[in-house]
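Asks: let me see the structure of the following:
(2 chains)
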2 protein chains.
Amino acid sequence: MRLQQFYKENIYANRGMTLESDINQTNNYYNLHNIALVYKKPTPIRVVQVEYPKNKIKEAYFNEPSTLDYTGIYRGKYLEFDAKETQSKTSFPLSNIHKHQMEHIRKVLSYGGLAYLIVRFATIDRTYLLLGTDLINFTEQYDRKSIPLSYFDSYGYLIEMKYAPRLDYIKIIDRILNTKEVN
Amino acid sequence: MRLQQFYKENIYANRGMTLESDINQTNNYYNLHNIALVYKKPTPIRVVQVEYPKNKIKEAYFNEPSTLDYTGIYRGKYLEFDAKETQSKTSFPLSNIHKHQMEHIRKVLSYGGLAYLIVRFATIDRTYLLLGTDLINFTEQYDRKSIPLSYFDSYGYLIEMKYAPRLDYIKIIDRILNTKEVN
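Replies: Just a heads-up that it's a prediction; the model follows:
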C-alpha cells in the first residue's frame, strides 16, 4: 500500500514536468538536426535590489508573463507558443491564458507570425496544437470559461508522440505553411 | 565650473541610455502604427532562493545573455538584434558581443531569420545597422579585436535620426527584404 502510494505520487510529480520536458527534448532535436530554432524565453523578473560588486540580486519578484513561453524560427517565419497541461478529461480552462497573452497572440497573428498553443490532456494522454486564430475564434463565439475537448478534435491538430522528436509539432506547422502558400 | 561639470556628467549619463530609449521609442511607434512587433526579451536571471508564500526572490544572479536583446516580427519574418553603443570615434570593439551571441547569430541566419546589430558611435552621433552576415564575414576575414568605422560605411546602413520614429531601422530591413525577393 505504501509502495503504491509512492508510485502514485511519483507518477503525478513527473506528469507536471512531462510536457515541458517533451518540448525541450523536441526543440533540442530540431536544433541538432537543423530543422528549427526554438527556445524558451527567460522568465520576466522585476529586480528591486542588487548587492554590488557581487551583482547578487537580493530582492526581486516574478512578473506576470505578457508574451508566450517559446519563440522561434522555422523557414524564416516567426513562431511563438505556449505549452499548457490540464488534468481535465473534457475541457481546457481558459484561466490558463492571461489577458495580456491573448492580446499578444492577436498581435503576433496580425504581423504575419505563427502563434499557437500546445495543450496536453494529461489524463487521456493526448496533445493538441491549437492555432491562435482558432483560439480567438472560440473566445469570440462562445462565452465559456473552458474549451471543450471536442473543439480540439474539430479545430486542433493531434500531435503524434514518438521517441524522437518526442512531439513533432513542426510537421503540423509545415503542413499549415504549405496550405497557406497554395491558397 | 561646477555647473559645467554637472552638465557634462548629465550629458554623459543620458548618453548611455540614449540608444536604448531611442529603440524603445521606435518600437512603440512601430507597434502603435501596426508596422512591426518588436520587444525586449527579459534579462536571463538564475533564481537561487525564493521566500514563500510571498514569492519574493531573495537570492538570484544575472546570467550572461546567449541570445540578442530584441526579438520581433516584420512581414511574418523573424527578427533578432542587439543595440550597442561605443564612445570610440574609429572602431567598434568586438568584446561587446559574447561568444554565445555570435553562435546564436549564425543560427538565426541559417534558419532564414534576420539577425543584426544596431551600433551607435555616440561621439560622432552616427548609428548603423550591420547585418549578421556582414558581422560574421568580418570576423572570418580579419583577425581583429574591433570593427573599424570604415567597415560600417562600406557594409553597414546608416540609420536616419528623426523625431518619430527616432531610428527608423525597419525601413532598411524592408529594403533588404525587397532585394532578397527580387534576387
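Asks: wait, A:Arg120 sits on A:Ile23?
Replies: No: in this structure, A:Arg120 sits apart from A:Ile23 without contact. The criterion is Cβ atoms under 8 Å, and the distance is 9.7 Å. Bear in mind the C-beta positions are built from the backbone N, C-alpha and C, glycine included.
Asks: overlap of the contact sets of the two?
Replies: A:Ala83 (Cβ atoms under 8 Å, 6 or more residues apart in numbering or on different chains).
Asks: which bits of chain A sit near chain B?
Replies: Residues of chain A found near chain B (Cβ under 8 Å from any Cβ of the partner chain) are A:31, A:34, A:36-37, A:39, A:41-45, A:47, A:55-63, A:67, A:71-79, A:107-108, A:110-113.
Asks: and the residue nearest the centre of chain A, how far from A:Asn137?
Replies: The geometric centre of chain A, computed from its C-alpha atoms, lies nearest to A:Ala83 (Cα atoms, centre = their mean), at 1.9 Å. When Cβ to Cβ, to the nearest Å is applied, the distance between A:Ala83 and A:Asn137 equals 21 Å.
Asks: need the contact list for A:Asp69.
Replies: Residues touching A:Asp69, when contacts are defined by Cβ under 8 Å, 6+ apart, comprise A:40-41, A:81-83.
Asks: what's the next secondary structure element after the lengthiest strand in chain A?
Replies: When chain A is scanned for its longest strand (criterion: DSSP state E), the result is strand A:77-86. Counting by DSSP states H and E, the next helix or strand C-terminal to strand A:77-86 is strand A:91-93.
Asks: buried residues in that following strand, which are they?
Replies: Along strand A:91-93, the positions that meet the burial threshold by neighbour count (16 or more other Cβ atoms under 10 Å in any protein chain shown) are A:91-92.
Asks: listing partners with orientation, what would you give for that strand?
Replies: Listed by DSSP bridges, the sheet partners of strand A:91-93 and their directions read strand A:146-148 (antiparallel).
Asks: so for the partner strand, mean pLDDT?
Replies: When pLDDT is averaged along strand A:146-148, the result is 98.
Asks: quick one: buried residues of it?
Replies: By neighbour count with 16+ other Cβ under 10 Å, strand A:146-148 contains the buried residues A:146-147.
Asks: chain center to that strand: distance?
Replies: When C-alpha coordinates are averaged (Cα atoms, centre = their mean, to the nearest Å), strand A:146-148 and its chain have centres 16 Å apart.
Asks: tally of neighbours for A:Thr43?
Replies: When neighbours are counted by other Cβ atoms under 10 Å in any protein chain shown, A:Thr43 registers 13.
Asks: doesn't it fall inside a helix?
Replies: No: A:Thr43 is assigned coil when assessed by DSSP: H, G, I helix; E, B strand; the rest coil, not a helix.
Asks: does it touch B:Arg46 like I think?
Replies: No: taking Cβ under 8 Å as the contact criterion, A:Thr43 and B:Arg46 are not neighbours in contact, 10.5 Å apart.
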